[in-house]
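Undergrad: got a predicted structure plus its sequence, pasted below:
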Amino acid sequence: MIKALFFDIDGTLVSFKTHSIPQSTIESIIKAKEKGIKVFISTGRSKAIINNLGKLEFDGYITMNGAYCFAGTDEIIYKSSIPAGDVETIVNLVKKKSISCIFVQEKKMGICNPGWMSDEFSTTLNIPTLPEIKIDDVPNMEIFQISPFITPAQEKEWLTLLPHCESGRWNPSFTDIVAKGNGKNRGIDEIIKHFDIALEETMAFGDGGNDISMLKHAAIGVAMGNAKENVKQVADYVTDTVDNDGILKALEHFEVI
């Protein structure tokens, strides 16, 4: 029996086309909650920019791709920042190449070297333009996630210089870097430990590269129809797109609702 549902936000719960949750998804989540099933968010967003869930209430949140998890609205159950040495390495790379890069703290976030790509980030997520921060101030901050606007080839090169980090890419323009061991799979483990739920009772939905660890880890991993092929390949089931009632169809397929 499924007792916990984990949902990525962008491209899974929320349509990139409408920036809202389809009505069929809202009704499906309400039905699941009425059956006593716990529902959780599992996103790369930080709490500061979760602005598109409407009136839906969730039992807990995996944010920053697993680096920061909380129950209810603010009961912190797990957090793990990026080691200072790796933050300094990234700071030096950003300074050397003048790369646009987002740095995420516990309560806020900002961008160094903003440009057209960072404008695209705000447009894609339908959030306000991020405040600019000075790169030399970053080493004095506790950083939980870093999103540099680099290519996959650059990402691979950077990771060889960051022994304590891993990354997940869900957008071709940038990647999300967190401390090693802090993928969404880790987030699931922290959440279910807190709520006394077995891994065998979990189901997860996602569409991006940063969802792969979660889809592989949950008892049932569902890829959205709009997911990239590498995401679909690791899923137990591929449903329809976010805009075509994908979540409703998957929950009905597995008789969760």
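TA: In hand now; what should we look at?
Undergrad: do a quick rundown of the helices in this protein.
TA: Secondary structure of the chain (DSSP state H): helices located at 23-34, 84-97, 116-125, 152-159, 184-195, 212-217, 229-234, 246-253.
Undergrad: mind listing what's buried along the fourth one?
TA: Put plainly, it is helix 152-159. For helix 152-159, burial by neighbour count (16 or more other C-beta atoms under 10 Å) applies to Trp158. C-beta coordinates here come from the backbone N, C-alpha and C atoms, glycine included.
Undergrad: orientation of that helix relative to helix 84-97 in degrees?
TA: Using axes from the mean of the first three to the mean of the last three C-alpha atoms, to 10 degrees, the inter-axis angle of helix 152-159 relative to helix 84-97 is 140 degrees.
Undergrad: what comes into contact with helix 152-159?
TA: Ile90, Leu93, Pro148, Ile150, Cys165, Glu166, Ser167, Arg169, Thr175, Ile177 (C-beta atoms under 8 Å, 6 or more residues apart in numbering).
Undergrad: just the C-alpha atoms of it, please, in PDB.
TA: What follows is helix 152-159 as a C-alpha-only set of coordinates in PDB (Å, rounded to 0.1, in the frame of the first residue of the first chain):
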ATOM      1  CA  PRO A 152      27.200  19.800 -19.400                       C
ATOM      2  CA  ALA A 153      30.900  19.500 -20.500                       C
ATOM      3  CA  GLN A 154      31.800  22.300 -18.000                       C
ATOM      4  CA  GLU A 155      29.700  20.600 -15.400                       C
ATOM      5  CA  LYS A 156      31.700  17.400 -15.800                       C
ATOM      6  CA  GLU A 157      35.000  19.300 -15.500                       C
ATOM      7  CA  TRP A 158      33.800  21.300 -12.500                       C
ATOM      8  CA  LEU A 159      32.800  18.100 -10.600                       C
END
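Undergrad: follow-up on the earlier one: most neighbours among the contacts of helix 152-159, please name it.
TA: Ile177 (29 neighbours; other C-beta atoms under 10 Å).
Undergrad: next, find the distance separating that residue from Thr241.
TA: 28 Å (C-beta to C-beta, to the nearest Å).
Undergrad: check Glu132 too.
TA: 35 Å.
Undergrad: for these two, indicate the residue with more neighbours.
TA: Neighbour count, other C-beta under 10 Å: between Glu132 and Thr241, Thr241 has more, with 17 against 11.
Undergrad: was I right about the more buried one contacting Ala223?
TA: No: using C-beta atoms under 8 Å, Thr241 is not in contact with Ala223, being 10.6 Å away.
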